[in-house]
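S.K.: how would this look folded up:
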Amino acid sequence: MKVDVLTLFPAILEGALGESILGIAREKGALDVALWNPRDFTADRHRTVDDRPYGGGPGMVMKPDPIVLCAEKARETRGAGRVVVLAASGRTFTQQVAKEYAQEGHLVLVCGRYEGIDQRVVEVLGAEELSVGDYVLSGGEIAALAVVDAVARLLPGVLGDETSTQEESFEEGLLEYPHYTRPPEYRGLRVPEVLLSGDHAKIRAWRRARAEERTEKRKETDTPH
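M.R.: Sure, this is the predicted structure:
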């Protein structure tokens, strides 16, 4: 799968893309990531990518031309891809969206900065907007990494155990059950006896029950009072 990331700060992503699952996915050839900087597509000596917003207001807005030209070059060079702008106003990123993206052959992720991106970028590129949560980040780079990481885990051959993704949180609308490993007792806390029993039917039932409990507690804490 190809992923192109448009960012003013490629160094933020470079380190993470070489580590852990993302590094493994790239080494195996399952994931092909290219970083592009919109500053390389500016026309002035200062490489200006932002300007004051029409209508007034605080901060600066990313100009459309450098981003559009950058995205067009990425698609020309690497093939047509689904363009996604990381923005707080977009639809929420979920495990289901990650599965949807994993079926794509090519994603182009656009990282915003400052107060946001000129809306005409979305319209010209036919892009969709995506949010990773209801909070404010300094830019789209961390959000882009979250998307790439979640999608990479779903690509064939990336994880050593293909059943891993089937038991993870949100796969059945449930949070994952609690995990334990050696030693069987730690600071007075023992591993639940059922997990030591060797009875796989009872273990599955216990895990299901704990997953349901966790999910219900999350709903309670997330519900406004």
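S.K.: quick check: neighbours of the lengthiest strand in the chain in the sheet, parallel or antiparallel?
M.R.: When the chain is scanned for its longest strand (criterion: DSSP state E), the result is strand 82-92. If you go by DSSP bridges, strand 82-92 pairs up with strand 106-111 (parallel), strand 128-131 (parallel).
S.K.: nearest approach to G55 belongs to which of the ones you listed?
M.R.: Distances from G55 to each of these were compared using C-beta to C-beta; the minimum, 20.1 Å, belongs to strand 128-131. (C-beta placed from N, C-alpha, C; glycine too.)
S.K.: and the contacts of the very next helix or strand once past the closest one?
M.R.: Heading C-terminal from strand 128-131, the first helix or strand you meet, by DSSP states H and E, is helix 141-152. Counting by C-beta atoms under 8 Å, 6 or more residues apart in numbering, the neighbours of helix 141-152 from elsewhere in the structure are 1, 3, 5, 7, 9, 12-13, 16-17, 21-22, 25, 30-31, 33, 84, 86, 93, 95, 98, 101-102, 107, 109, 111, 130-132, 137, 158.
S.K.: buried subset of the residues you listed?
M.R.: Burial of the contacts of helix 141-152 was assessed by neighbour count (16 or more other C-beta atoms under 10 Å); the buried members are 1, 3, 5, 7, 12-13, 16-17, 22, 25, 31, 33, 84, 86, 93, 98, 101-102, 107, 109, 111, 130-132, 137, 158.
S.K.: I'd say E128 and S89 touch.
M.R.: No: counting by C-beta atoms under 8 Å, no contact exists between E128 and S89, whose distance comes to 11.1 Å.
S.K.: which residue comes closest to K99 once chain neighbours are left out?
M.R.: In space, and not counting its chain neighbours, K99 is closest to L154: 6.1 Å by C-beta to C-beta, 6 or more residues apart in numbering.
S.K.: how about the one you found, secondary structure?
M.R.: In three-state terms, and counting by DSSP: H, G, I helix; E, B strand; the rest coil, L154 is coil.
S.K.: how about stretch 36-50: buried residues?
M.R.: Neighbour counts over stretch 36-50 (16+ other C-beta under 10 Å) mark 36-38, 41-42, 49-50 as buried.
S.K.: identify the farthest-apart pair in those.
M.R.: Based on C-beta to C-beta, the longest span within those runs between W36 and D50 and measures 17.0 Å.
S.K.: doesn't V3 belong to a strand?
M.R.: Yes: counting by three-state DSSP, one finds V3 located in a strand.
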